[in-house]
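[1] Show me the folded form of this:
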Amino acid sequence: MRDIDLKTLRLFVTVCEHRNMGRAADEEHIEPSAISKRIAQLESDLGTPLLVRSRRGVQPTPVGVMLLEHARNVLFTMDRIASDVAAFGSGLRGSVNVCATASAIAEVLLDDIAAFMREPDHRNIRVDVEERQSVDLVRQLREGAASVGVCWDNADLDGLQFRRYRQDRLALAVYPGHPLAGAKSVAFEETLGFDHVGLPPSTAVHTMLQRAAARVGQTVSYRVIVSSFDATFRVVAAQLGISVVPLEVGEAYQRIFNIETIPLTDAWALRRFVVVFRDLETLQPAARRMVDHLASRAAGEAE
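    Residues are numbered from 1 along each chain as shown. I've put the predicted structure just below:
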């Protein structure tokens with residue numbers, strides 16, 4: 001198979017978005033026949049139809065839909081390469097790709113990154129932040145797809161280096177009128193007689209809660225599984241269950257939803273986050289500055 005050129009991929013994406021050769025040609029400033037010829041050659045190279053053509057226009061075949069997703073990813077990556085190279089040429093000193101768990105992002109990580117970017121010495125450093133579950137985050141760091149990660153320190157960090165970051169405490173989110181509402185603190189075991197709202201089984205906190213329940217010979221009864229903290233608090237506010245959440249996040253949402261947060265007394269409820277990377281010595285200068293900055297937040301927290 002011949003190499004697929006980027007111009008053809010870009011034309012294919014434009015045609016799929018417009019569902020019309022003519023409109024795609026107008027946008028790309030090219031003749032419709034030229035687009036048709038390029039896509040026909042692509043179909044020949046791949047050995048499969050990519051578009052269904054009709055009088056009303058075109059639409060991608062199932063294979064075409066798959067190629068469309070890959071093509072968008074490839075074009076995005078190539079555009080980022082071009083912009084990064086151009087940025088270095090105009091004096092930008094670097095960029096940092098930070099992967100972080102939902103808990104870290106929801107608490108103070110974004111504030112810490114904002115403080116980093118406001119420093120005069122860092123004004124030419126660009127930072128990208130992506131939310132990832134701990135397992136995916138660690139894999140991306142090992143594969144070199146991300147330079148810096150922020151996650152809970154109970155993740156499998158074998159082969160990676162890390163520095164201490166901030167800590168938080170887990171709490172119970174309840175709605176007013178719940179039997180546990182109004183308590184100053186609560187042990188996790190006391191919550192197991194009630195329906196819970198939880199995050200997906202693939203998350204670190206889900207696994208931790210299952211293990212904590214198993215240690216006392218019980219299980220967590222999940223009535224609802226959601227994918228974000230925002231959804232968690234909405235479901236709790238709807239009185240469909242209670243949920244274990246980061247205390248700081250819960251306190252912020254108390255101002256939005258009619259809920260209460262009660263600190264958990266269990267020792268494991270005090271969590272330590274870490275800044276993770278493959279090798280400090282091989283990090284790009286911008287990423288190394290980010291690591292140092294975030295690690296300094298832990299030092300300040302301990303004071």
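[2] Am I right that Tyr165 falls within a helix?
    No: using DSSP: H, G, I helix; E, B strand; the rest coil, the assignment for Tyr165 is strand, not a helix.
[3] Any idea how many residues pack against it?
    26 (other C-beta atoms under 10 Å). No exception for glycine: its C-beta is placed from N, CA and C like everyone else's.
[4] quick one: it from Ser36, how far?
    To Ser36, Tyr165 is 54 Å away according to C-beta to C-beta, to the nearest Å.
[5] for Asp168, same thing?
    Distance, Asp168 to Ser36, by C-beta to C-beta: 57 Å.
[6] the more surrounded of these two?
    Asp168 (20 against 17).
[7] Which secondary structure elements does the helix or strand where Ser44 lies sit against?
    Taking DSSP states H and E as the definition, one finds Ser44 inside helix 32-46. Counting contacts by 3 or more C-beta pairs under 8 Å, 6 or more residues apart in numbering; DSSP states H and E, helix 32-46 packs against helix 6-18, helix 21-28.
[8] quick one: which of the ones you listed is nearest Glu189?
    helix 6-18 (53.9 Å; C-beta to C-beta).
[9] helices or strands up against the closest one?
    Helices and strands touching helix 6-18, as assessed by 3+ C-beta pairs under 8 Å, 6+ apart, comprise helix 21-28, helix 32-46, strand 57-60, helix 62-89.
[10] Those into a markdown table, with extra columns for mean pLDDT and distance to Gln284?
    As requested, the helices and strands packed on helix 6-18 are exported to a markdown table (pLDDT from 0 to 100; distance: least, C-beta to C-beta, whole Å):
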| stretch | mean pLDDT | distance to Gln284 |
| --- | --- | --- |
| helix 21-28 | 91 | 35 |
| helix 32-46 | 92 | 36 |
| strand 57-60 | 91 | 38 |
| helix 62-89 | 82 | 11 |
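[11] Check which residues of stretch 152-166 are buried.
    By 16 or more other C-beta atoms under 10 Å, the buried positions in stretch 152-166 come out as Trp152, Ala155, Leu157, Leu160, Gln161, Phe162, Arg163, Arg164, Tyr165, Arg166.
[12] wait, stretch 188-195
    Using 16+ other C-beta under 10 Å as the test for burial, stretch 188-195 gives Phe188, Glu190, Thr191, Leu192, Phe194.
[13] what do you get for stretch 101-119?
    When neighbours are counted by 16+ other C-beta under 10 Å, the buried residues of stretch 101-119 are found to be Thr101, Ala102, Ser103, Ala104, Ile105, Ala106, Glu107, Val108, Leu109, Asp112, Ile113, Phe116.
[14] contact partners of stretch 105-120?
    98, 100, 122-123, 125, 127, 129, 131, 150, 166, 168, 229, 246, 248-249, 289-290, 293-294, 297 (C-beta atoms under 8 Å, 6 or more residues apart in numbering).
[15] Stretch 184-201 too?
    102, 172, 178-180, 205-207, 209, 212-213, 216, 218-227, 232, 235-236, 240-244, 262-266, 269.
[16] Now list the buried members of these.
    Buried by 16+ other C-beta under 10 Å: 102, 172, 178, 180, 205-206, 209, 212-213, 220, 222, 224, 226, 232, 235-236, 241-244, 262-264, 266, 269, out of these.
[17] In helices, which of the residues you listed appear?
    Under the assignment DSSP state H, those contribute Ala102, Val205, His206, Leu209, Ala212, Ala213, Thr232, Val235, Val236 to helices.
[18] With respect to Leu280, which of the residues you listed is nearest?
    Among these, and counting by C-beta to C-beta, the member closest to Leu280 is Ala102, at 25.7 Å.
[19] ok, that closest one touching Phe229?
    Yes: with contacts counted by C-beta atoms under 8 Å, Ala102 reaches Phe229, the gap being 6.5 Å.
[20] Quick one: mark the members of the contacts of stretch 105-120 that sit in strands.
    Within those, membership in strands is found for Val98, Ala100, Ile125, Val127, Val129, Glu131, Val150, Arg166, Asp168, Pro246, as judged by DSSP state E.
[21] show me the contacts for the nearest residue to Val186 once chain neighbours are set aside.
    The shortest distance from Val186 to any non-neighbouring residue, by C-beta to C-beta, 6 or more residues apart in numbering, is to Ile262 (5.0 Å). Applying C-beta under 8 Å, 6+ apart to Ile262 gives the contacts Ala171, Leu172, Val174, Leu180, Ala183, Lys184, Ser185, Val186.
[22] Check the gap between Ile262 and Ile105 for me.
    23 Å.
[23] Arg272 belongs to a strand?
    Yes: the assignment for Arg272 is a strand, going by three-state DSSP.
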